[in-house]
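Engineer: Quick one: sequence and predicted model below, then my questions.
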Amino acid sequence: MRFRAGVDIGGTFTDFALYDEQEGRLITAKRLTTPRDPSVAALTGLFEVLGGQHATPAEVAQVLHATTLATNVVIERRGGATALIVTRGYGDVLEIGRQKRWDTYDLSIDRRPPIVPRRYVYEVTERLAHDGRVVTPLDEAEVRKTARALVKAGVTSVGVCLLHSYRNAAHERAVARIFAEEAPSLLVSLSSEVSPIWREYERANTVAVNAYVKPAVSAYMTQMARALQARGYQSGLLIMQSNGGLASVEVVTQRPVALLESGPAAGALMAAFYGELTGVRDIISFDMGGTTAKTCLIENGTPAIRGQFEVGTEGHRPGSGYPIATPSIDMIEIGAGGGSIARVGVGIVTVGPRSAGADPGPVCYGLGGTEPTVTDADVVLGYVNPEYFAGGSITLDREAAGRAIEERIARPLGIALAEAAWGIHHLVNLNMANATRAVSLKKGYDPRRFTFVAFGGAGPVHGARVAMDLGCPRIVFPAAAGVASAIGLLVVEPRFDLARTTLLSLERDDVIATIAEIYADMEAEAVRLLQASGVREGVRLVRSADMRFAGQGSEVTTPVPGGTLRAADVAALREAFHDAYHRRFGYADPGVPVQGVTWRVVASGPSPRVALQKLQASATAADTAVKTTRPVYWPEHRAYVESPIYDRYRFTPGTQILGPAIVEERESTTVVPPHCTATVDEWLNLSVTLPMDGEGR
């Protein structure tokens, strides 16, 4: 088994990366996603790539898969009939939420409806105290009656979120047992398994979303696994999770909420991999595809992990989406991609978040789209070659794109076609730069000290302008940037992030024994999950805890020593918290008691080895890579300028080009603006030095 394959399904394109471990070669490809059944494009493209290498599925050691399926089900509200079981008296937990307006001054905002309508929220008699003690026993007869009622109502999936079940899961497990007896056709999700941490609204919403996407994810994953087996694939299918780790089909079908940031996470890890390859460890990762753009800050080679995120937000405004209390790589995702639709409203142009996707797609695709998109603007501006889109597999209609922009944007605003197209391109760049500030400036990081890594099908078209707006001095366009997330899958390790909420004062006499018991349970479960995903040796366990001063309402994550804990570790843990707190807030009071709130463990397997061939530098002149010229619109000139078009496959290490220029490859197109210098490195990445203020910005 000499090959490993990565398959990333996006909203517009499905990307493929095949790694030949014997020769250290990467083979890449992409094809249009099939929205009605994403597995069609995924399987067809995978077998075509294998066929091109005269390989069979039996020669593939791993198929690694990232998908937007779970996210799309939530955003498009395509889940089946889902119910939620809660403790009596808590039926309005999703309706009430946090009682916050995500935009205080917008009087017209309308809160997103709960993922489970109130009529499908069922209350059962039971009650646990905050420490897990049983106050009111579970009424099992009532649960049996509820199970039969759900089947009669046509419910297909159910989430269970009983009060304080993160401290004692006995009642939730009893509900699952009864449902298995009374309604075996129902898919059941327990909050004590999906998100065993406190804060009732977030936990309830997380298990509700898990239940909502479970039927679609289970059906899709089962179909993919069976189709691969039918073609002779002998190893297990591994799926990318939001936390940047891989898991087996069996694991993710039980916890599909962990897939909500699947594809974007792979892209961020790819950026970190290329940064390590080129000696750059402080990176802003920028992934722009056909539907969305994702940006992530990577400090010292590692993306930050957040314990909670939101899906389905309005733009990138906190509080406007559905909170998900599971670990995820910390990134911002906005509706800004090649398929984002431009329109005129109240005399101004807006772009996104609505997307034309792959069906019907941008107007230039010729598949029935009528509304102008970002890709249509890029074609009109000359950035994208209509004859070489996706390596020439798709021919674009530049005239149709121009007509759509003329009729719907330029004419209503009374401006020229080129100005309208540039306005669309420029506006989406500004939107993405603002989103990037949310993961950099708003968190205290100066983007001017970070290298910008741009990838995705549309990332290299827009990346330089976004980086210039942020003030980044350098940008890297990885080789095969258009399928970078699929490449990222090849460098991902199996990983699980587990958490348990148990409030413990570090002043308690039995605190060490209690902490040791918590970690023993979590680490045993983590090892079991890794084994279910094919890891037999090389397990790594890293502990941490969310801690606070007594009386506070939020926590600071603090490292916890591994191995057997001793009494001296209490003082070390308190000191580590003081250090972390001081770094965050500039002050820590050693006289205030400290509490541990949520205890966490990260379990991972061995990192896969991807050894790309390093090429020797040569003195090949840039002119030898020029394949033609064409008129390209540059705002610095406010006009179309005849510009060189480079074939990226003719570049050799050391080749240097000066902007303005366009660099074409099968998976994407790189736009090098005026006053920029681009150099090819030993791995054929394109490193661009951006102009400082006063030099063309």
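Structural biologist: Now that the structure is in, tell me what you want to look at.
Engineer: CA only for contacts and neighbour counts going forward, please
Structural biologist: OK.
Engineer: In contact with residue 90, which residues?
Structural biologist: The neighbours of residue 90, taking C-alpha atoms under 8 Å, 6 or more residues apart in numbering as the test, are residue 123.
Engineer: quick one: it and residue 124, what's the gap?
Structural biologist: Summarising the geometry, the distance separating residue 90 from residue 124, computed by C-alpha to C-alpha, to the nearest Å, is 10 Å.
Engineer: Then residue 166?
Structural biologist: If you measure residue 166 against residue 124 using C-alpha to C-alpha, the figure is 17 Å.
Engineer: Compare those two and say which is more crowded by neighbours.
Structural biologist: Comparing residue 166 with residue 124 by other C-alpha atoms under 10 Å, the one with more neighbours is residue 166, at 25 against 21.
Engineer: need the contact list for the more buried one.
Structural biologist: Going by C-alpha under 8 Å, 6+ apart, residue 166 touches 191, 192, 195, 196, 197, 198, 500, 501.
Engineer: switch the cut-off to 10 Å
Structural biologist: The neighbourhood of residue 166, defined by C-alpha atoms under 10 Å, 6 or more residues apart in numbering, consists of 130-132, 172, 191-193, 195-198, 203, 499-502.
Engineer: can you give me the helices for the stretch 1-150 of the chain?
Structural biologist: Secondary structure of the stretch 1-150 of the chain (DSSP state H, counting those that start in this stretch): helices located at 38-52, 69-75, 93-96, 140-152.
Engineer: Check the ones you listed for me and report the most buried one.
Structural biologist: Counting by mean count of other C-alpha atoms under 10 Å, helix 69-75 has the highest mean neighbour count of the helices of the stretch 1-150 of the chain, with a mean of 19.
Engineer: can you list the residues that contact that one?
Structural biologist: Taking contacts as C-alpha under 10 Å, 6+ apart, the residues outside helix 69-75 that touch it are 9-11, 35, 38, 77-80, 115, 209-210, 212-214, 216-217, 220, 256-263, 311-313, 321-322.
Engineer: mind checking which of the helices of the stretch 1-150 of the chain is nearest residue 618?
Structural biologist: Residue 618 lies closest, by C-alpha to C-alpha, to one member of the helices of the stretch 1-150 of the chain: helix 38-52, at 29.7 Å.
Engineer: can you tell me the average pLDDT over that closest one?
Structural biologist: Along helix 38-52, the predicted local confidence has a mean pLDDT of 90.
Engineer: just checking, what packs against it?
Structural biologist: In terms of contacts (3 or more C-alpha pairs under 10 Å, 6 or more residues apart in numbering; DSSP states H and E), helix 38-52 is packed against strand 3-9, strand 13-20, strand 25-32, strand 60-67, helix 200-230.
Engineer: Where among the ones you listed is average confidence lowest?
Structural biologist: Lowest mean pLDDT of these: strand 25-32, a mean of 86.
Engineer: What pairs with that one, parallel or antiparallel?
Structural biologist: Under the criterion DSSP bridges, strand 25-32 sits next to strand 13-20 (antiparallel) in its sheet.
Engineer: Would you mark the buried spots in the partner strand?
Structural biologist: Along strand 13-20, the positions that meet the burial threshold by neighbour count (16 or more other C-alpha atoms under 10 Å) are 13, 14, 15, 16, 17, 18, 19, 20.
Engineer: now that strand, how far from the chain's geometric center?
Structural biologist: Mean C-alpha position of strand 13-20 versus that of the full chain (C-alpha atoms, centre = their mean, to the nearest Å) differs by 18 Å.
Engineer: circling back to that earlier point, mutual contacts of residue 90 and residue 124, please.
Structural biologist: When contacts are counted by C-alpha under 10 Å, 6+ apart, residue 90 and residue 124 have residue 162 as shared neighbours.
Engineer: I am finished for the moment; much appreciated.
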